[in-house]
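[1] Show me how the following folds:
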Amino acid sequence: MSNLVPVSARWTRLSDGLDVYAAVPSEGASAATVVVGMELFGVTAWVRKVCERLAAAGYAAIAPDFYWRTARHADLGYDDAGRKEGFRLLGHLTREGVSADTEAAFAAGKELGAGPARAFTGFSLGGHLGVLAATRLPLDTVISCYGGWTLDGGIPLAEPEPPLTPAGAAALAEHDTLLVGLVGGQDFLITADEWQRLGQRLQQGGVRHELTVYPQAEHGFLCEDRPASYDASASDDAWQRILEVLAQLPGRSSVGRQEPASPSSH
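    Below you'll find the predicted structure:
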């Protein structure tokens, strides 16, 4: 990932004990705070690179270590052992903890001088965390990249009910949150039927949303550190969409805004 502007990035421990990986432009104010939701595998080197890429585009990018109450700085391998440990740690997350950590991350962005707009960009588990947080907190935008378990559940955090119940959708609508969903057509976690029903739930709830499918892409297609599933073409298009959506945040200057890519599949 090549930087557009120099960035400053480091781990920081907040007053409540939460560790965050924070990346900001080295010069000038950050346009907004973007909380970066980690994968199941923790705040990995790739998640940290995502923060730096967003900071290079002019944002305060804050990745909370959501596992911190159980294990600090988890950086798990993309293998069966890493996946097993990730699910173990995931089992300790609570909705209250996710909400508190997300709010603390936004406060950290504000302390770093970021503009008032609040966005959450999450990947896989992080996409779920972003949707969950947006049902509880006023967020301008959530970009959920192959975020699972939001509609049908399947993890302890989504019990007794997943985030996108009719009530959850109503909360997003009340917050006037824009929900952007990006998914691969070959995703093992999110079926085409679930994706269609998710769109219907958002439509019925009056939630502003944009859903995009990359027909040949698999789960995790944005992560170049996972060569078995990485899809360069889909990733390039998705990143263009992500940056275009963030450029439309309230109060964000149109200077440097990228033109959107032509639609893939909706």
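[2] can you give me the helices for this structure?
    Listed in chain order, the helices of the chain (DSSP state H) span 45-56, 80-90, 95-111, 125-134, 166-175, 192-205, 232-247.
[3] So which of the ones you listed has the densest surroundings on average?
    helix 125-134 (a mean of 28; mean count of other Cβ atoms under 10 Å). Backbone N, C-alpha and C define where each C-beta goes, glycine included.
[4] returning to that earlier point: possible to save the helices of the chain as a markdown table with distance to Arg118?
    Conversion of the helices of the chain to a markdown table gives the following (distance: least, Cβ to Cβ, whole Å):
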| stretch | distance to Arg118 |
| --- | --- |
| helix 45-56 | 14 |
| helix 80-90 | 24 |
| helix 95-111 | 5 |
| helix 125-134 | 10 |
| helix 166-175 | 10 |
| helix 192-205 | 19 |
| helix 232-247 | 11 |
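[5] The ones you listed: which one's closest to Trp68?
    helix 95-111 (7.8 Å; Cβ to Cβ).
[6] Now find how far off-centre the closest one is within its chain.
    Relative to its chain's centre, helix 95-111 lies at 14 Å (Cα atoms, centre = their mean, to the nearest Å).
[7] What mean pLDDT does it get?
    Regarding helix 95-111, the rounded mean pLDDT is 98.
[8] what packs against it?
    strand 19-25, strand 33-37, strand 60-64, helix 125-134 (3 or more Cβ pairs under 8 Å, 6 or more residues apart in numbering; DSSP states H and E).
[9] can those go into a markdown table with extra columns for mean pLDDT?
    Output for the helices and strands packed on helix 95-111, formatted as a markdown table (pLDDT from 0 to 100):
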| stretch | mean pLDDT |
| --- | --- |
| strand 19-25 | 98 |
| strand 33-37 | 98 |
| strand 60-64 | 98 |
| helix 125-134 | 98 |
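[10] Mind putting these into JSON lines with distance to Thr70?
    Output for those, formatted as JSON lines (distance: least, Cβ to Cβ, whole Å):
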{"stretch": "strand 19-25", "distance to Thr70": "12"}
{"stretch": "strand 33-37", "distance to Thr70": "17"}
{"stretch": "strand 60-64", "distance to Thr70": "14"}
{"stretch": "helix 125-134", "distance to Thr70": "14"}
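[11] Ok, which of those comes nearest Ala74?
    Across those, Ala74 has its closest neighbour in strand 19-25 (10.5 Å, Cβ to Cβ).
[12] List the neighbouring strands of that closest one plus their orientation.
    strand 7-13 (antiparallel), strand 60-64 (antiparallel) (DSSP bridges).
[13] Out of these, which gets nearest to Ala234?
    Nearest of the strands paired with strand 19-25 (Cβ to Cβ): strand 60-64, 21.6 Å.
[14] That closest one vs helix 45-56, what angle?
    Strand 60-64 runs at 160 degrees relative to helix 45-56, counting by axes from the mean of the first three to the mean of the last three Cα atoms, to 10 degrees.
[15] Could you export strand 60-64 as CSV, CA atoms only?
    C-alpha atoms of strand 60-64 as CSV (Å, rounded to 0.1, in the frame of the first residue of the first chain):
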residue,chain,number,x,y,z
ALA,A,60,-7.4,9.5,11.8
ALA,A,61,-7.6,5.7,11.5
ILE,A,62,-8.1,3.9,14.9
ALA,A,63,-8.0,0.1,15.2
PRO,A,64,-9.2,-0.9,18.7
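[16] Strand 33-37 and that strand, what's the angle between them?
    Using the same axes, to 10 degrees, strand 60-64 lies at 30 degrees relative to strand 33-37.
[17] rewinding a little: what's the closest of the helices and strands packed on helix 95-111 to Leu243?
    Distance to Leu243, taken as Cβ to Cβ, is lowest for strand 33-37 among the helices and strands packed on helix 95-111, at 10.5 Å.
[18] Given the closest one, what are its sheet partners and their directions?
    strand 60-64 (parallel), strand 118-123 (parallel).
[19] Out of the ones you listed, which one sits most buried?
    Greatest burial across the strands paired with strand 33-37, using mean count of other Cβ under 10 Å, falls to strand 60-64, with a mean of 30.
[20] got a list of contacts for that one?
    18-24, 30, 32-38, 43, 47-48, 50-55, 101-102, 104-106, 108-109, 112-114 (Cβ atoms under 8 Å, 6 or more residues apart in numbering).
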